[in-house]
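Engineer: For reference, the sequence and a predicted model appear below.
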Amino acid sequence: MNELALAMKELDEDKIMELVKSGLDQGDSPLDIVAALNQGVVGVGELYESGEYFVSQLMFAAEILTEVMEILEPAMVRSGRTESAGTVVIGTVAGDVHDIGKNIVGTLLKGSGFNVVDLGVDVPADKFVEAVAEHQPKVLGMSALLSFTYPEMKAVVEALAAKGLRGQVKVVIGGAPVTDEVKVYAGADYWAPTAMDTVSFANRAYGK
Ligand code: B12
């Protein structure tokens, strides 16, 4: 694990900011910086699973990532990376207000050059459908942390089909308790267990 990934895992905010700034000054690519941060975030998740970190630390990790993005975004523009890698619409389904994982996914997608339309939390099916019709993304990502909201994901997929939009968008779902079986149940195309899987999936959907 490199120094930046380790600082992220240890939630050492000052060190992270210092390393990101000095990395950019030395010409490091924003994408390499995002990859290191992601490695650190995986470490944060492991420490949470093992009981060493608590919810507050998860939330802090998401806040740090948002702060880093404020530095990375202008750097991406400066480095000529103005062309978007594609558009991804994301949101947490109706009935569910968990957003830490979704925000991490959104930040890493942005860090990888995607235009992210984040609909927020507790998003009803018609809002997802409206956003797909308006923004024409090739990827729609839904987050669900509560098992009883799985029918909501299925409802969104069905509503997309009813509006004739299903064929133009790949649906990816995520959230801690989601599995491949949920993907099949909801009629989604992919289940992304981690944020970086989501980025790889979006890259594939956009032919990269
Ligand atoms: C933090 C938390 C909360 C916080 C949420 C704060 C916030 N702003 O998000 C608070 C305290 C508000 C909360 C409330 C509740 N919670 Co809660 N919560 C959690 C907890 C502890 C951590 C979730 C988390 O953020 N993990 C860290 C992130 C980084 O991981 P992640 O979400 O899995 O995300 C990763 C991947 O899944 C993936 N991913 C995530 N989203 C997306 C989206 C897309 C598009 C893709 C592709 C990938 C992807 O990438 C992420 C990064 O790698 C979990 C326990 C657990 N082990 O998950 C319970 C948990 C999810 N909660 C649970 C419950 C029951 C509730 C409540 C109903 C409790 C209550 N009785 O009031 C309420 C529900 C409120 C509501 N209506 O939504 C249950 C759900 C059980 C179930 N299977 O249905 C869990 C599993 C706890 C448990 N074991 O019982 N909760």
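Structural biologist: Cool, got the structure.

Engineer: From the contact counts, what lies against the longest helix anywhere in the chain?
Structural biologist: When the chain is parsed with DSSP state H, its longest helix is helix 55-78. In terms of contacts (3 or more CB pairs under 8 Å, 6 or more residues apart in numbering; DSSP states H and E), helix 55-78 is packed against helix 13-25, helix 30-49, helix 100-111. C-beta here means a position set from N, CA and C on the backbone, and glycine is covered the same way.

Engineer: This structure - how does it break down into domains?
Structural biologist: Following automatic domain parsing, the chain resolves into domains at 3-78, 87-205.

Engineer: Can you tell me which residues in the chain are near the ligand?
Structural biologist: Selection of the chain residues close to the ligand by CB under 6 Å from any ligand atom yields 45, 55, 58, 90, 95-102, 104-105, 141-143, 145-147, 172, 174-177, 192, 194-195, 198.

Engineer: distance of the residue at the greatest distance from the centre of the chain from the ligand?
Structural biologist: Going by CA atoms, centre = their mean, the residue of the chain most distant from its centre is Gln26, 27.1 Å out. Relative to the ligand, Gln26 is positioned 28 Å away (CB to the nearest ligand atom, to the nearest Å).

Engineer: now the angle from the helix or strand just after the longest helix of the chain to helix 100-111?
Structural biologist: Next along the chain after helix 55-78, taking DSSP states H and E as the criterion, comes strand 87-92. Orientation of strand 87-92 against helix 100-111 (axes from the mean of the first three to the mean of the last three CA atoms, to 10 degrees) gives an angle of 170 degrees.

Engineer: Off-centre distance for strand 87-92?
Structural biologist: Centroid separation between strand 87-92 and its chain, computed with CA atoms, centre = their mean, to the nearest Å, is 8 Å.

Engineer: so what's the most centrally placed residue in the chain closest to, chain neighbours aside?
Structural biologist: Geometric centre of the chain, nearest residue: Val105, 1.2 Å, by CA atoms, centre = their mean. Among residues not flanking Val105 along the chain, Ala195 sits closest, at 4.5 Å (CB to CB, 6 or more residues apart in numbering).
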